[in-house]
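**Student:** have a look at this prediction, sequence included:
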Amino acid sequence: MIRAIRNEYYRSPVFILWVGLLSLMLVVGLIAGIIVLLNGLDVTNLTNQVPWGLWITVDLSSIALGAGAFSLSAMVYIFRVERLRPIARIAVFTGLIGYTGAMLALFMDIGRPERFWHPMVYWNVHSVLWEITMCVMLYSTVLILEFAPVLFESRLITRFFPNAPRLGHTIHKFAPIGAVIGLGLSLLHQSSLGAT
């Protein structure tokens, strides 16, 4: 019954139009990203007087999407709100998607993508963008560690690595520590975004 409804839904004109529109937007975005990577930030018309432009909206919306992840993780793993535990994995995955989008936006935002490693080596502690970059990078690492147990339980991973679920459970034991670290990192860069 469910399979029949699902097949009917996928064939509906609204769904096909929606997928077509999203595909078109993805292609336009990829072309625009390639143009920015090839020509630098000159094509974005950013100047010293207007240093952020539309880029900050992409950062803000991606990070806002991921903000629920740290809030929900803190509620489940720190404050022990057990009725939210079933959606904790989904929230962490959504946070991972949001922060991956933020990292991609920051990658485009630096204007010279071949220098993506500079914030890690050349610390500019007076730059708001540096602080946001470091917090997003570290919090993304925390999200990957929080999401790792879900990946380690998948059939694809267990087929090649039978002991992966045990490793996933070991990593999951440190989830409260990850939630505390993630909460701190997220609050740090959220305050920086509020200052911009």
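**Tutor:** That came in fine, so what should we check first?

**Student:** surely Y77 is in contact with A179?
**Tutor:** Yes. Assessed by Cβ atoms under 8 Å, Y77 is found in contact with A179 at 4.1 Å. To be clear about C-beta, it is placed using only N, CA and C from the backbone, and glycine gets the same treatment.

**Student:** who's more crowded, those two?
**Tutor:** A count of neighbours by other Cβ atoms under 10 Å puts A179 above the other of Y77 and A179, at 25 against 22.

**Student:** who are the contact partners of the more buried one?
**Tutor:** Counting by Cβ atoms under 8 Å, 6 or more residues apart in numbering, A179 touches 70, 73-74, 76-78, 146.

**Student:** looking at the residues you listed, spot the one nearest L129.
**Tutor:** F70 (20.7 Å; Cβ to Cβ).

**Student:** around the closest one, count how many other residues there are.
**Tutor:** A total of 27 residues lie near F70 under the criterion other Cβ under 10 Å.

**Student:** mind telling me what element it is part of?
**Tutor:** helix 55-73 (DSSP states H and E).

**Student:** and that helix, what does it pack against?
**Tutor:** For helix 55-73, the elements it packs on are helix 88-109, helix 128-152, helix 175-195, judged by 3 or more Cβ pairs under 8 Å, 6 or more residues apart in numbering; DSSP states H and E.

**Student:** can you pull the buried residues of that helix?
**Tutor:** Neighbour-count burial for helix 55-73, counted by 16 or more other Cβ atoms under 10 Å, picks out 55-56, 58-60, 62-63, 65-73.

**Student:** now do it and helix 175-195, the angle between them.
**Tutor:** Angle, helix 55-73 to helix 175-195, by axes from the mean of the first three to the mean of the last three Cα atoms, to 10 degrees: 150 degrees.

**Student:** residues in contact with helix 55-73?
**Tutor:** Residues outside helix 55-73 that contact it (Cβ under 8 Å, 6+ apart): 44, 46, 84, 87-88, 91-92, 94-99, 101-102, 105-106, 108-109, 132, 136, 139, 143, 146, 175, 178-179, 182-183, 186, 189-190, 193, 196.
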